[in-house]
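>>> build me a model:
(chains A and B)
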Amino acid sequence: RIYPLMRVTLTTSDGASVTVSRQLTKHSGFIEKAITDMAVDDNAVPLSAVAVDVDDATLKLVIEWLTEHRDDALPYPEKTDEERRADDIPAWDQAFVQKWDTKEDQQQTLYAVITAADKLDIKGLLDMTCKTLANKINGKTVEEMREILQLECDFTEEELAEIRKENAWCEN
Amino acid sequence: CLKKNKYYKFKPKDRLSKLPDELIRLIFTELEYEDLKSISGTSRKMRHLAAEAKQKRRQEIRDNIKTVSEIIENLRSTRYSNYQPATPFSRSRFHDHCIRPSRHYESIMNYECSMIGKQSRLPFLTLVFETVARTPLGMRIVALSPSCPPACPTCPIYCDHYIPSGNTSV
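Predicted structure coming up:
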C-alpha cells in the first residue's frame, strides 16, 4: 500500500525530530510495526511520533537512502544462497557509501548505518551495507582483515599456531 | 559534513565485535569460504561465529555438489578448454572432505589430503577446475582424484570401476 499523503514524525535517540513520508517509512519494518501498534487511521495526519533508537546524523543517511529507494518493490526479495553475491551493489548505493565511508571515518558511519538498518528493519539497506563491509575483507589475509576491521588478536601463541596449521592448505 | 555520531560510540578498536552476533553472522553470509577461514583467525569471537558460517557453507556444498560430468563440462567451457581427464570419471558425487577451495591453483595441486594424512602431499590431484557461476561450492575450485587412492577408502571420488553398482551418490 502507498500512503503518499501520510507523514510520520520520527524522534531520534539524540532528541531530534524528523518528519518523513510514509512512502519512505513503508520500507522500515520497525516503523511500520510501530504505526500499526499505535492503531492509527491510515488517513490521520499527523501521526504520533515514533521513537527510533538511531541518532540524527545516521537517520539522515537512512532517509537519504530510503528516498532513493522509495519505489523499490516490497517485500524485499529474499535471496537464496545460490543467488547471494556481494558484487551486485547498485552504482547509486556505491556512490552513496563512498561519500561518507572515508578512511578518516574508520567505518564508524558504516557500522552505525548497519546497526540502524537492523534496528529499523530496512532489509535492502542492511543487505547493501553488509555487502559493503564484506567486500572490504573479501580476499584479504588474516592480518589485513584485522587491520581493516580493527580487530584485536586475543589468541594465544599456541592457538595462533593451530590456526596457521589449519589454514596452511589455502595459504600462498 | 556529518555530525559526530553520538549514539554509536564504538571504541576505536573492535567495532565489528561490538555488533550483535546476528549482524556479524549476516555479514559472514557475504563472505567466501576461504574468507571465513581467514576471519576465523582474527579473534576468538570471530572464530566462534565463523565456525557456524563455515558449517553452514559446508552443508551447502554437500547439498549442491555437482556431478563429475557437469564439472568437467564446465571445465571445458572455461579456461581449461583443452582439458582431457586422464581417467574416465564416474557419475559419483563428492564428499565435502574431498573438496577443498583454494584461491591458488598451484597450491591446490600440492593439496594436502586430510583424509590420507596431513603430511602426505600427494600428486594424485590432476584435475583443478573453477565453475563459472557463483555457486555454493566455497571457492568453486575443486580438486579430485582420478586415481582412486586406496588410502582413502571412504572417499567417494572414485573412478567408475570403484563404484558399487547403483551407488551414484553419497
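>>> are we agreed that A:A117 is in a helix?
Yes - A:A117 forms part of a helix when assessed by DSSP: H, G, I helix; E, B strand; the rest coil.
>>> these two touch, right, it and A:K131?
No - A:A117 lies out of contact with A:K131 (C-beta atoms under 8 Å); the separation is 11.8 Å. In short, each C-beta sits where N, CA and C put it, glycine included.
>>> the two: who's more crowded?
Applying other C-beta atoms under 10 Å in any protein chain shown to A:A117 and A:K131 shows that A:A117 carries more neighbours, namely 25 against 22.
>>> which residue ranges of chain A form helices?
Remark: helices assigned in chain A by DSSP state H are A:22-25, A:29-37, A:56-68, A:91-100, A:108-119, A:123-137, A:142-149, A:157-167.
>>> measure A:D56 to A:A34 for me?
18 Å (C-beta to C-beta, to the nearest Å).
>>> and if you look at B:L31?
To A:A34, B:L31 is 33 Å away according to C-beta to C-beta.
>>> cool, and B:S43?
The spacing between B:S43 and A:A34, counted by C-beta to C-beta, is 36 Å.
>>> who has more neighbours out of these two?
B:S43 (23 against 20).
>>> and for the closest residue to that one other than its chain neighbours, the neighbour number?
With C-beta to C-beta, 6 or more residues apart in numbering or on different chains as the criterion, B:S43 has its nearest non-adjacent residue at 4.9 Å, and that residue is A:L151. Residues near A:L151, counting by other C-beta under 10 Å, number 20.
>>> isn't A:L151 up against B:L49?
No - counting by C-beta under 8 Å, A:L151 sits too far from B:L49 to count as a contact (11.8 Å).
>>> distance of A:L126 relative to chain B?
Relative to chain B, A:L126 is positioned 7 Å away (C-beta to the nearest C-beta, to the nearest Å).
>>> mind checking pLDDT for that residue?
Looking at A:L126, its pLDDT stands at 94.
>>> contacts only, for it.
Contact analysis of A:L126 by C-beta atoms under 8 Å, 6 or more residues apart in numbering or on different chains lists A:I114, A:A117, A:D118, B:L26.
>>> can you check A:V50 too?
A:V8, A:T9, A:L10, A:T11, A:I31, A:A34, A:I35.
>>> now with 7 Å?
A:V8, A:L10, A:I31, A:A34, A:I35 (C-beta atoms under 7 Å, 6 or more residues apart in numbering or on different chains).
>>> can you check B:A50 too?
Residues in contact with B:A50 (C-beta under 7 Å, 6+ apart) are B:F28, B:L36, B:I39, B:S40.
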